Structure formats: structure tokens, C-alpha cells
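> 3D, please:
(one chain, ligands or ions: 1)
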Amino acid sequence: MLKPVPCRGCGKTVYFVKDKRGKTQILDTVAPVWRIKIGFDSAKGVPIYEAERASGDTYVTHFATCPKASFFSASKKEVPSNA
Ligand SMILES: [Zn+2]
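Below is the predicted model of the structure:
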């Protein structure tokens, strides 16, 4: 069972889940994922765009929403030489 844990950067609740390559992905526990459904109004001859909530178990990487995301990406890089 997935266990939500607090992000070390911002404290928001996230899931740590490994992908099929074994890399840990940090995902928001809520899924604010939407898709744009494109239809066509044949009477008016114009496309119709409709926002709809993505169905299924779809999550957003926490790096997209974490205010401290740059902290994590910086910590993975080698220390820059400022000499
Ligand atoms: Zn965070």
C-alpha cells in the first residue's frame, strides 16, 4: 500500500514510487491532471475544447509543483567549482 510521506523541501505530502527502471519518482498525492478534449462543432465549423479531469491513476511529478524543486536538482549536481 502506498504510504504518503512529507517532502523534505516543502513539507507537502508526496508518494515515493519506483519506476520500472528502479528510479524513485516523487509524486503529488493529489492528481491535478487535466486533459483537453478536442471536439468539433459541425454546425458552426469550429473546434470545441473541453477541459476534463484525466481519468485513472494519473499523478504529477512533485518536481513540477514543489517550491523547493531547484534545491533538489541542485543537490544532485556536482559541486560547481568557483575557484
Ligand atoms: Zn516539495
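> C-alpha from now on. contacts and neighbour counts both.
Will do.
> which stretches of the chain form helices?
Per DSSP state H, the chain carries helices over the ranges 69-76.
> Can you show me the strands along it?
5-6, 13-18, 24-28, 34-41, 46-53 (DSSP state E).
> what pairs with the first one, and is each one parallel or antiparallel?
Using DSSP bridges, strand 5-6 pairs in its sheet with strand 13-18 (antiparallel).
> So what touches the strand it pairs with?
2-7, 24-29, 62 (C-alpha atoms under 8 Å, 6 or more residues apart in numbering).
> hmm, back to that, tell me which of the strands of the chain lies nearest to F71.
strand 24-28 (14.3 Å; C-alpha to C-alpha).
> So the closest one, near the ion or not?
No. Using C-alpha under 5 Å from the ion, strand 24-28 stays clear of the ion, with a minimum separation of 8.9 Å.
> Just want the angle from that strand to strand 13-18.
150 degrees (axes from the mean of the first three to the mean of the last three C-alpha atoms, to 10 degrees).
> Give me the helices and strands touching strand 24-28, please.
strand 13-18 (3 or more C-alpha pairs under 8 Å, 6 or more residues apart in numbering; DSSP states H and E).
> circling back: mind giving me the PyMOL select for the contacts of strand 13-18, buried ones only?
A single PyMOL command suffices to select whichever of the contacts of strand 13-18 are buried according to 16 or more other C-alpha atoms under 10 Å:
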select buried, resi 7+25+26+27+28+29+62
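> beta partners for the closest residue to T29 other than its chain neighbours?
Leaving aside its sequence neighbours, T29 sits nearest to V14 (C-alpha to C-alpha, 6 or more residues apart in numbering; 5.2 Å). Under DSSP bridges, the beta-bridge partners of V14 are V5, D28.
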